[in-house]
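# how would this look folded up:
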Amino acid sequence: MKILVTGGLGFIGSHTIIELIKNNHEVIIADNLINSKIEVLDKLCQITGIKPAFYQIDVTDEEKLTEIFENNKIDGVIHFAGLKSVGESVSKPLEYYYNNLVSTMVLSKVCIKYGVQKFVFSSSATVYGDQPSPLREDMELKKTTNPYGETKAMSERILTDTVNANKDFAVSLLRYFNPVGAHESGLLGEDPNGIPNNLMPFVSKVAKGQLKKLSIFGDDYETVDGTGVRDYIHVVDLAKGHVKAIEKLDSGVNIYNLGTGRGTSVLELINAFMKVNAVDVPYEIVGRRPGDIATCYADADKAEKELNWKAELGIEEMVRDAWKFEQQNV
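Numbers count the residues shown, from 1 in each chain. Got it, this is the predicted structure:
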């Protein structure tokens, strides 16, 4: 298939493109480079031997997006493009609602106009709100705890209503948990512009000496050691899940959790990083962060049963690959 990947130069998008190419799909990338780097395009070429077509556009721009569909016969879309920091969404809600919702609406509209029937959406476990884990796809969604999560829940509703009104349009909503790790080559990994929002790049930069110490947000949760528990998943496993989803997609609204089904605390992850990589990561405990919950991990049985997908890589591979990427990239 010829697949448009929005946000394709970002962390998860770029790893998904590698897996798409491995599976003989042709890729077109749309990315505005707000939280990604153009150098990733060359690294994708180094790894795969193929340089995908690239359009530097914002997916909220309907006119420019339409040009891509005019010039290419697209078979499916994987939509990653969006703002993604929980903490930042609390302080900048309007930016998050505009960017994340308008991009989903514009992209859906253009897909229907050009008869593109396969749409895979990058959703999030945050749509479940604060509910007991393991989280299952058939749970009723509760009020999310932050604007970022709300944009994902609202996008899911927008796409579901769009499918109901357009019977040839099919959507997979992939609710994923906490992607970490990097490509085994060390060429690709999580490399945000500015100060990192996610845990792993923070850990790596502290280990490297670029940042003085890591802040752990809260140690008074009801968890194994008081720190937040999350379902960390290797980004390569996550990428493979997207390929399985778009290949299987044929009708209706399909919802899948992409996680390992296991919870790991922040302290457990940091200790694993220090042990596996034989480095020190100084940290301090600070207050809880607005919008965070204590425990969040997946029930991933549905994806295994219906997509024949299961996470294969563990915490040791995640921290090893993340550190290899950090060491190889300034």
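# show me the shaky parts of this structure.
Scanning the chain for pLDDT under 70 picks out 195, 330.
# mind checking the longest helix of it?
For the chain, the longest helix by residue count, based on DSSP state H, is helix 93-113.
# go through that one and flag the buried ones.
For helix 93-113, the neighbour count (16 or more other CB atoms under 10 Å) marks 96-97, 99-101, 103-108, 110-112 as buried. C-beta here means a position set from N, CA and C on the backbone, and glycine is covered the same way.
# please apply the same query to stretch 69-83.
Phe69, Ile74, Asp75, Gly76, Val77, Ile78, His79, Phe80, Ala81, Gly82, Leu83.
# tell me the contacts of the first one?
To tie it back to what came earlier, the one meant is Phe69. Residues in contact with Phe69 (CB atoms under 8 Å, 6 or more residues apart in numbering) are Val110, Cys111, Lys113, Tyr114, Val116.
# SS state for it?
State at Phe69, reduced to three classes by DSSP: H, G, I helix; E, B strand; the rest coil: helix.
# hang on, the earlier thing: downstream of the longest helix of the chain, the next helix or strand is which one?
Using DSSP states H and E, the helix or strand that follows helix 93-113 towards the C-terminus is strand 118-124.
# and that next one, what does it pack onto?
In terms of contacts (3 or more CB pairs under 8 Å, 6 or more residues apart in numbering; DSSP states H and E), strand 118-124 is packed against strand 76-79, helix 93-113, helix 147-165, strand 170-176, helix 235-248.
# to Asn197, which of the ones you listed lies closest?
helix 147-165 (10.0 Å; CB to CB).
# may I see the contacts of Phe69 organised as TSV, with distance to Ala182 added?
Formatted as TSV, the contacts of Phe69 follow (distance: CB to CB, whole Å):
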residue	distance to Ala182
Val110	32
Cys111	31
Lys113	37
Tyr114	35
Val116	31
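# what sits against the nearest residue to Asn198 once chain neighbours are set aside?
The shortest distance from Asn198 to any non-neighbouring residue, by CB to CB, 6 or more residues apart in numbering, is to Glu190 (6.5 Å). For Glu190, the contact set (CB under 8 Å, 6+ apart) comprises Phe11, Pro179, Val180, Ala182, Pro196, Asn198, Met200, Pro201, Val235, Ala322, Phe325.
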